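Enquirer: 3D, please:
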Amino acid sequence: MTKGRNAGWLTVLAAAILSLPAAAEAGPKLLLFPIEMSIPRTEMDFFAPAVGPSPAEQERLEKANAELAKLIEADGRYDLVDIAPHRADIEAAQPISECNGCEIDIGTKAGADLLMVSVLNKISETHLSLTVSLVDVAKSGVVSNSSVLIQGNTDESWQHGVRWLARNRLLVAEGNPQ
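Expert: Below is the predicted model:
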């Protein structure tokens, strides 16, 4: 009977030890909100209905968001939270960058430790600025802000801007700033 009990404890102990590295490797849960686009309003815009991104820009936003998610996943320091179950909340609150803290509520509901809120500001037809804020859900505070100037409203320039921002600001190894 003692041998059986010892074998059982050894099995439980071995399983616990084997599960430790997997738990230790898991990074903070990150909720990556879709990149939003802010288009400046001119005086004439106040007399016309609001216009969002063009179809080409909407497609670029989706590609840029996919690229950012891919780079974050490849880096491995964060576990991306699936936004699909929270898509209705996100769409109802948009623009997330102006929802006065709703991103924290959505992040809490999603079980995220951190949030990434990104805004692409269209300064002109050829100059854009992508700003990404990393937010700590528990503290309801910004951990970091990073931005890049994108010169050119093309697929290539947007992808280049996202990659540069990820490589040189968002995913820089600690102690090795670019």
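Enquirer: pull the residues that contact stretch 63-73.
Expert: Counting contacts by C-beta atoms under 8 Å, 6 or more residues apart in numbering, the residues outside stretch 63-73 that touch it are 30, 32, 34-35, 78, 80, 116, 118, 120, 130, 132, 155, 158-159, 161-163, 166-167, 170-171. Backbone N, C-alpha and C define where each C-beta goes, glycine included.
Enquirer: of those residues, buried ones?
Expert: 30, 32, 34-35, 78, 80, 116, 118, 120, 130, 132, 158-159, 161-163, 166, 170-171 (16 or more other C-beta atoms under 10 Å).
Enquirer: among the residues you listed, which are located in strands?
Expert: Filtering the buried ones among the contacts of stretch 63-73 for membership in strands, criterion DSSP state E, returns 30, 32, 80, 116, 118, 120, 130, 132.
Enquirer: want to throw those residues into TSV with distance to residue 55 and pLDDT?
Expert: Shown next, in TSV, are those (distance: C-beta to C-beta, whole Å; pLDDT from 0 to 100):
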residue	distance to residue 55	pLDDT
30	29	98
32	23	98
80	27	97
116	25	97
118	20	97
120	16	96
130	20	97
132	24	97
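Enquirer: reformat these as a markdown table; add distance to residue 41.
Expert: As requested, those are exported to a markdown table (distance: C-beta to C-beta, whole Å):
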| residue | distance to residue 41 |
| --- | --- |
| 30 | 32 |
| 32 | 27 |
| 80 | 33 |
| 116 | 26 |
| 118 | 21 |
| 120 | 16 |
| 130 | 20 |
| 132 | 23 |
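Enquirer: looking at stretch 65-72 now, give me its mean pLDDT.
Expert: Regarding stretch 65-72, the rounded mean pLDDT is 97.
Enquirer: hmm, residue 162 is touching residue 130, no?
Expert: Yes. The pair formed by residue 162 and residue 130 meets the contact definition of C-beta atoms under 8 Å, at 6.9 Å.
Enquirer: pick out the residue closest to the middle of this protein.
Expert: For the chain, the residue nearest the mean C-alpha position is residue 32 (2.6 Å; C-alpha atoms, centre = their mean).
Enquirer: and that one, what does it touch?
Expert: Residues touching residue 32, when contacts are defined by C-beta under 8 Å, 6+ apart, comprise 65, 68-69, 72, 80-81, 83, 115-116.
Enquirer: could you rerun that using 10 Å?
Expert: With contacts defined as C-beta atoms under 10 Å, 6 or more residues apart in numbering, the neighbours of residue 32 are 65, 68-69, 72-73, 78, 80-81, 83, 112, 114-118, 132.
Enquirer: where do the strands sit along this structure?
Expert: Listed in chain order, the strands of the chain (DSSP E) span 29-32, 36-38, 79-80, 114-122, 127-136, 141-151.
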